[in-house]
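Asker: make a model of this:
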Amino acid sequence: MEKLKAIIKREYLTRVRSKGFIIGTILSPILMLSFVLVPYFITRLGGSERHRVAVLDQIGDPSLYQRVEGILVANGTRKERYDLERVEALPGDESSLKRLQERLATGEIDGYLILPPNILEIERLLYFVKNVGDFEARQQIGDAINRALVERRVRLAGLQSEDLQRLTREVRFEVRNERGERERGQTFILAFGLLMIIYITILVYGVMVMRGVIEEKQSRIIEVLLSSVRPFDLLLGKLIGIGLVGLTQYSVWTLFGLGLSIATSLPMLVANWGSLPTIQPHLLVFFLVYYVLGYFLYATLYAMVGAIVSNEEDGQQVQLPVTMAIIIPMMISTMVLRSPNSLTSTILSLVPFFSPMLMFLRIAIQTPPWWQIALSIVLLLLTILGSVWVSARIYRVGVLMYGKRPTVPEILRWLRYA
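Answerer: Below you'll find the model as predicted:
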């Protein structure tokens, strides 16, 4: 036991004290925070964007133009503002059209729109712009014109626009969960966010285990270590030590996030406590359970890959089946999100290699029956025990093998060694 503790301590402290761990642990939350703050400040400093649009009005009645202008002014945001200019002209007036083309070419205006006299009957309007990629402005101007045209058609039909709005008004869903709590998408965001943490953690730290084994083989340190400890103790110590590194890193990030939230949003937190997303205690428990079980399952397999190969290049090829077993549940997670209790989702979430992600996702979205959760944990534990047994037998032989990568029959012979 003392030797196992020493191995765990060595694996843990070696990585926690490394510059890469310290820099990554500090920079990662800062980078993630910058992805939110930098665009926000750029938007704030950028000021409002004004769109100068000329309207060639061939209708002869300014009321439609005035209504479009009023809608744009009412719906304008801080970033999107419109300076409309009405140019009255008769149908077929080429001189007015030519002047607008010249103003657009010189950049005096950003675009011009033609309102023909038969605008209520046609299906297309001509809109000339300098920047064809400004989809937002195009959408807002088009919505304003369509709204003004609908109101005019309604009046011509003998109705009031207020009556039409009252008769055609829509209702919106207010989604509540099974406990009657109002949902604003927090469940989906929370579930997918925690799922990504499990996925990234298992992948990153599993590969770290494999590389650690390969580095020890290449440096021949493994021969010195095996002279004083059993291969199983060395494997188990490496798994536990690196797993604790992952828990340490996420603990630091969690404390950073909590501290930042309290420091910057305490007044908002108090004012909007009932509307903020909450994490159920049982969800945190299952998050920890499936993280630990998933890590041990895949880290064991990655350690086995590291024992088989002798260099990083071979490891990239041999680890592909293990990596695909992690990626596949992420690829089918959208199906589980849409129908968490379907037969397909239930079966897939009970597969031990998929359970750490898919069963946790089902718990976060719509908690399945307790026996399914218990069965997935039991199957995971049995699979981990089997993987540890296989990996330990391969590890004790493979870590001392160098040179050519062993074939499958050779690996099977390793399992039969006493």
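
Asker: pLDDT weak spots in the stretch 1-150 of the chain?
Answerer: Residues of the stretch 1-150 of the chain that meet the criterion pLDDT under 70 lie in 32-33, 35-49, 76-80.

Asker: switch the cut-off to 90
Answerer: Judged by pLDDT under 90, the stretch 1-150 of the chain has its weakly predicted residues at 1-54, 56-85, 87-97, 104-111, 113-114, 116-150.

Asker: just the helices in it please.
Answerer: Under the criterion DSSP state H, counting those that start in this stretch, the stretch 1-150 of the chain contains helices at 2-16, 19-46, 63-75, 94-106, 135-156.

Asker: out of these, which is closest to residue 233?
Answerer: Closest of the helices of the stretch 1-150 of the chain to residue 233 is helix 2-16, at 5.0 Å (criterion: Cβ to Cβ). The C-beta positions use only the backbone N, C-alpha and C, and glycine is treated the same way.

Asker: what about that closest one, distance to the chain center?
Answerer: Mean C-alpha position of helix 2-16 versus that of the full chain (Cα atoms, centre = their mean, to the nearest Å) differs by 34 Å.

Asker: neighbouring contacts of it?
Answerer: With contact meaning Cβ atoms under 8 Å, 6 or more residues apart in numbering, helix 2-16 is reached by 21, 208, 212, 228-229, 233-234, 236-238, 240-242, 244-245, 248.

Asker: quick one: buried ones out of these?
Answerer: Among the contacts of helix 2-16, those buried by neighbour count (16 or more other Cβ atoms under 10 Å) are 208, 212, 233-234, 236-238, 240-242, 244-245.

Asker: nearest to residue 191, out of the helices of the stretch 1-150 of the chain?
Answerer: Closest approach to residue 191 among the helices of the stretch 1-150 of the chain (Cβ to Cβ): helix 19-46, 18.7 Å.

Asker: how deep is residue 414 tucked in, by neighbour count?
Answerer: For residue 414, the neighbour count with other Cβ atoms under 10 Å is 18.

Asker: quick check: chain neighbours aside, which residue is closest to it?
Answerer: The shortest distance from residue 414 to any non-neighbouring residue, by Cβ to Cβ, 6 or more residues apart in numbering, is to residue 397 (4.3 Å).

Asker: per-residue pLDDT, the one you found?
Answerer: Per-residue pLDDT puts residue 397 at 75.

Asker: please apply the same query to the one 5 residues further on.
Answerer: Residue 402 is assigned 67 on the pLDDT scale.

Asker: residue 261 now?
Answerer: As predicted, residue 261 sits at a pLDDT of 57.

Asker: also residue 266?
Answerer: Note for residue 266: predicted pLDDT of 46.

Asker: quick one on the thing from earlier: pLDDT for the buried ones among the contacts of helix 2-16 - can I get that in CSV?
Answerer: Below are the buried ones among the contacts of helix 2-16 laid out as CSV (pLDDT from 0 to 100):
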residue, pLDDT
208, 84
212, 79
233, 78
234, 76
236, 81
237, 82
238, 80
240, 85
241, 86
242, 82
244, 85
245, 83
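
Asker: looking at those residues, which are in helices?
Answerer: Counted as lying in helices by DSSP state H, out of the buried ones among the contacts of helix 2-16, are 208, 212, 233-234, 236-238, 240-242, 244-245.

Asker: isn't residue 144 up against residue 68?
Answerer: Yes. Residue 144 is in contact with residue 68 according to Cβ atoms under 8 Å; the separation is 4.9 Å.

Asker: okay, now the unreliable bits of the stretch 151-300 of the chain?
Answerer: Those would be 151-289, 291-292, 295-296, 299-300, if you go by pLDDT under 90 across the stretch 151-300 of the chain.

Asker: can you pull out the strands in it?
Answerer: Here the stretch 151-300 of the chain has no strands by DSSP state E, counting those that start in this stretch.
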